[in-house]
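Trainee: model this:
(chains A, B, C and D)
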Number of protein chains: 2
Amino acid sequence: MSNRRNSAPMYLQLARQLQDRIDSGSLPPSSRLPSEPELSAEFGVNRLTVRQAVAELDRAGSVEIRRGIGTFVRKPVVRAVIRVDPDSAQVRIGSLPVPLAIQGMRRAEELVVESAIAPDGLLDQRVAGQLEHAAADLSRFETLVWLEDQPWCVNSYWLPTGRLPAGFGPVGEPIDMAAAITEAFGFELESDWRAFSAVAADIADAERLDLATGSPLLVREGVNCTPDGETVMYVRRRIKGENASFVLDYRGRFDPARKI
Amino acid sequence: MSNRRNSAPMYLQLARQLQDRIDSGSLPPSSRLPSEPELSAEFGVNRLTVRQAVAELDRAGSVEIRRGIGTFVRKPVVRAVIRVDPDSAQVRIGSLPVPLAIQGMRRAEELVVESAIAPDGLLDQRVAGQLEHAAADLSRFETLVWLEDQPWCVNSYWLPTGRLPAGFGPVGEPIDMAAAITEAFGFELESDWRAFSAVAADIADAERLDLATGSPLLVREGVNCTPDGETVMYVRRRIKGENASFVLDYRGRFDPARKI
DNA sequence: CAGTGGTCTAGACCACTAA
DNA sequence: TAGTGGTCTAGACCACTGC
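Mentor: Got it, this is the predicted structure:
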């Protein structure tokens, strides 16, 4: 270990050294890293410095820390692939048995965890602008989608309260949001636009998804409209980042089995 | 501050309390948080515990830490919006003056930072499978795109060495990759498929993009092919997560000015 | 220069897991 | 129970910033 003084901090040097061992295969997937006291002795640094290094690898997704057991090299992630028809964007992630069944996923469930009839947050105000409604006329529903007994994504839906039946989206109960919305309107909503971005999990989302604060989330947000073109719904999904890919398949040749 | 014993750790309680102050406007955007020693005194905890709390807010993107100055509440992020034509996916981010100029961005530059004629990494092997080439026949180019004097995204391109002119993509020099590739092939490549996902920045990417390890990156990867349908290029872009959105605009009504 | 955040140490106690 | 990682303290020195 280089001796400080005008060089990178020790915890970073240590992190890079461990990452090298992983990349070179000297620490293969699923293998256990030396324990913190062992690394501390091996490199002659304090245990807290070791922890800082390991935390880097953890945040980079290189290792998985299991309390009381040890720290292990992560196996390559298997992603669920969600196809999007480039023309109509007809795909549902909330209530998604179809596209996910293809990937061998089962037992999807969407659960309403929160609802607000007249939401008044900062985000609510901006959504109201998008939908050309007063925020007071909107309802917001927060749902949590479980897949294979793991929390999978958090969704926020904004809809005009007046167009929903009383008691829509009871908190604490499972729901098929896509079906419930179609039923409420009497027809299927269409895509106006969709946007993809990546954000860091805030403290609240991290807790719901059982992730560390700051973990990467894939955000898919967008507006839906009626066949007449009236914009009536804003959706914002936050999906565990490394667990999902959205695929635009222009030639019908994308092969998930060969996916990287 | 709750007294430990069967409750959330103190640093998390502190983090949530500070986040509440931010959400409620009691700590408005651009305002400075109390210094670490001040918070340490106010809450009666060690400075390291304060640091752990502030690190949570940092990872969540709520605050920005400026060394030697203080910690400040972040202003809402302004994202560059990149439109994607749902039919052809004709958009270029590497050499992108057009779509980004719309958003008031200027001075984009793509710089080759690394190239390998016969790459032999794990990722290279898997790309080779996608392109139906032996890895030994491929070249990989790593580029860094600068926007407004900030590193913006890291790109990896895999191309068959045999179809490139000698000296293609000299390291350390700026390049217009899209134009250079079109010139090398003699025609424009088409999109086979595109996938969007979010990952945590690894140590290397984080360094190039001047980010913390684990920061969310938006990944856009995909295969390009010749007009005949021969798959010839694999591209993997990693873009600073919160600085970009990809938009699929199905009705031509997306208004970036009203973007959330 | 004083004040800020960044790194590091030594030592302590805790909660969790496996045997 | 022994070993793992998680939290916390007290104190030190450093690098960076603005005045």
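Trainee: Okay, now the unreliable bits of the stretch 101-250 of chain A?
Mentor: Applying pLDDT under 70 to the stretch 101-250 of chain A flags residues A:101-108, A:122, A:148-149, A:243, A:247-250.
Trainee: now the strands for it?
Mentor: A:108-116, A:138-147, A:150-160, A:190-200, A:216-225, A:231-240, A:244-249 (DSSP state E, counting those that start in this stretch).
Trainee: how is chain A carved up into domains?
Mentor: Domain ranges of chain A: A:10-73, A:80-258, per automatic domain parsing.
Trainee: now the ones you listed as a markdown table including distance to chain B?
Mentor: Every C-beta, even on glycine, is put in place using the N, C-alpha and C of the backbone. Below are those laid out as a markdown table (distance: least, CB to the nearest CB, whole Å):
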| stretch | distance to chain B |
| --- | --- |
| domain A:10-73 | 3 |
| domain A:80-258 | 3 |
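Trainee: Turn the strands of the stretch 101-250 of chain A into TSV, columns for distance to DNA strand C and mean neighbour count.
Mentor: Output for the strands of the stretch 101-250 of chain A, formatted as TSV (distance: least, CB to the nearest atom of the strand, whole Å; neighbours: other CB atoms under 10 Å in any protein chain shown):
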stretch	distance to DNA strand C	mean neighbour count
strand A:108-116	23	17
strand A:138-147	20	21
strand A:150-160	16	21
strand A:190-200	16	23
strand A:216-225	21	24
strand A:231-240	20	22
strand A:244-249	26	22
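Trainee: out of those, nearest to B:Ser40?
Mentor: B:Ser40 lies closest to strand A:190-200 among the strands of the stretch 101-250 of chain A, at 25.2 Å (CB to CB).
Trainee: which secondary structure elements does that closest one contact?
Mentor: strand A:216-225, strand B:190-200, strand B:216-225, strand B:244-249 (3 or more CB pairs under 8 Å, 6 or more residues apart in numbering or on different chains; DSSP states H and E).
Trainee: A:Ser62: which of these is closest?
Mentor: strand B:190-200 (9.1 Å).
Trainee: sorry, back to before: let's have the helices and strands packed on strand A:190-200 in a markdown table, adding distance to B:Arg126.
Mentor: A markdown table is the format used below for the helices and strands packed on strand A:190-200 (distance: least, CB to CB, whole Å):
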| stretch | distance to B:Arg126 |
| --- | --- |
| strand A:216-225 | 21 |
| strand B:190-200 | 14 |
| strand B:216-225 | 11 |
| strand B:244-249 | 23 |
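Trainee: picking up where we left off before, could you dump the domains of chain A to JSON lines with distance to B:Glu132?
Mentor: Converted to JSON lines, the domains of chain A look like this (distance: least, CB to CB, whole Å):
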{"stretch": "domain A:10-73", "distance to B:Glu132": "26"}
{"stretch": "domain A:80-258", "distance to B:Glu132": "10"}
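Trainee: Around DNA strand D, pick out the residues from the stretch 1-150 of chain A.
Mentor: Contact residues, the stretch 1-150 of chain A versus DNA strand D (CB under 7 Å from any atom of the strand): A:5-6, A:33, A:35-38, A:48, A:51, A:65-71.
Trainee: Please check those residues and keep the buried ones.
Mentor: A:Leu33, A:Glu36, A:Arg51, A:Thr71 (16 or more other CB atoms under 10 Å in any protein chain shown).
Trainee: Including secondary structure, could the residues you listed go into a markdown table?
Mentor: Formatted as a markdown table, these follow (DSSP: H, G, I helix; E, B strand; the rest coil):
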| residue | secondary structure |
| --- | --- |
| A:Leu33 | coil |
| A:Glu36 | helix |
| A:Arg51 | helix |
| A:Thr71 | strand |
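Trainee: Need the max-distance pair from the residues you listed.
Mentor: Largest separation among those by CB to CB: A:Leu33 and A:Arg51, giving 11.9 Å.
Trainee: Number of residues surrounding the residue lying closest to A:Ala136 once chain neighbours are set aside?
Mentor: Once flanking residues are discounted, A:Ala136 sits nearest to A:Ala118: 4.8 Å by CB to CB, 6 or more residues apart in numbering or on different chains. Neighbourhood size, A:Ala118 [other CB atoms under 10 Å in any protein chain shown]: 13.
Trainee: List the contacts of A:Ala118.
Mentor: Shown in contact with A:Ala118 (CB atoms under 8 Å, 6 or more residues apart in numbering or on different chains): A:Ala135, A:Ala136, A:Asp137, A:Leu138, A:Ser139, A:Thr161.
Trainee: A:Gly214 too?
Mentor: A:Arg59, A:Ala200, A:Ala201, A:Ala206, B:Glu56, B:Asp58, B:Arg59, B:Ala60, B:Gly61, B:Gly214, B:Ser215, B:Pro216.
Trainee: and if you look at A:Gly167?
Mentor: Counting by CB under 8 Å, 6+ apart, A:Gly167 has no contacts.
Trainee: Next: A:Val199.
Mentor: Contacts of A:Val199 (CB under 8 Å, 6+ apart): A:Pro216, A:Leu217, A:Val219, A:Arg238, B:Gly61, B:Ala198, B:Pro216, B:Gly241, B:Glu242.
Trainee: Can you tell me which of the residues you listed is closest to B:Asp176?
Mentor: B:Gly241 (25.0 Å).
Trainee: On the strand side of things, show who the residue nearest to A:His133 when sequence neighbours are not counted bridges to.
Mentor: Nearest residue to A:His133 in three dimensions, chain neighbours excluded: A:Pro160, at 5.7 Å (CB to CB, 6+ apart). Partner residues in beta bridges with A:Pro160, using DSSP bridges, are A:Leu138.
Trainee: A:Ile239 pairs with what?
Mentor: Beta-bridge partners, per DSSP bridges, of A:Ile239: A:Cys153, A:Leu218.
Trainee: Please report how far it lies from A:Trp158.
Mentor: 18 Å (CB to CB, to the nearest Å).
Trainee: can you tell me the residue of the stretch 101-250 of chain A closest to DNA strand D?
Mentor: A:Ala212 (9.5 Å; CB to the nearest atom of the strand).
Trainee: so what's that residue up against?
Mentor: A:Ala212 sits in contact with A:Asp58, A:Arg59, A:Ala201, A:Ala206, B:Arg59, where contact means CB under 8 Å, 6+ apart.
Trainee: residues near the nearest residue to the fourth one once chain neighbours are set aside, how many?
Mentor: So that's A:Ala206. Distances taken as CB to CB, 6+ apart place A:Thr213 nearest to A:Ala206, at 4.6 Å, with adjacent residues excluded. Residues lying near A:Thr213 (other CB under 10 Å) number 23.
Trainee: need the contact list for A:Thr213.
Mentor: By CB under 8 Å, 6+ apart, the contact set of A:Thr213 is A:Ala200, A:Ala201, A:Asp202, A:Ile203, A:Ala206, B:Ala15, B:Glu56, B:Arg59, B:Ala60.
Trainee: Mark which of the residues you listed are buried, thanks.
Mentor: Counted by 16+ other CB under 10 Å, the contacts of A:Thr213 give A:Ala200, A:Ala201, A:Asp202, A:Ile203, A:Ala206, B:Ala15, B:Glu56, B:Arg59, B:Ala60 as buried.
Trainee: In CSV, list the residues you listed along with distance to B:Val223.
Mentor: As requested, the buried ones among the contacts of A:Thr213 are arranged in CSV below (distance: CB to CB, whole Å):
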residue, distance to B:Val223
A:Ala200, 29
A:Ala201, 30
A:Asp202, 34
A:Ile203, 38
A:Ala206, 33
B:Ala15, 42
B:Glu56, 39
B:Arg59, 33
B:Ala60, 35
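Trainee: and those residues, which of them are in helices?
Mentor: Using DSSP state H, the subset of these located in helices is A:Ile203, A:Ala206, B:Ala15, B:Glu56, B:Arg59.
Trainee: Could you check the pLDDT of A:Ala257?
Mentor: pLDDT for A:Ala257: 54.
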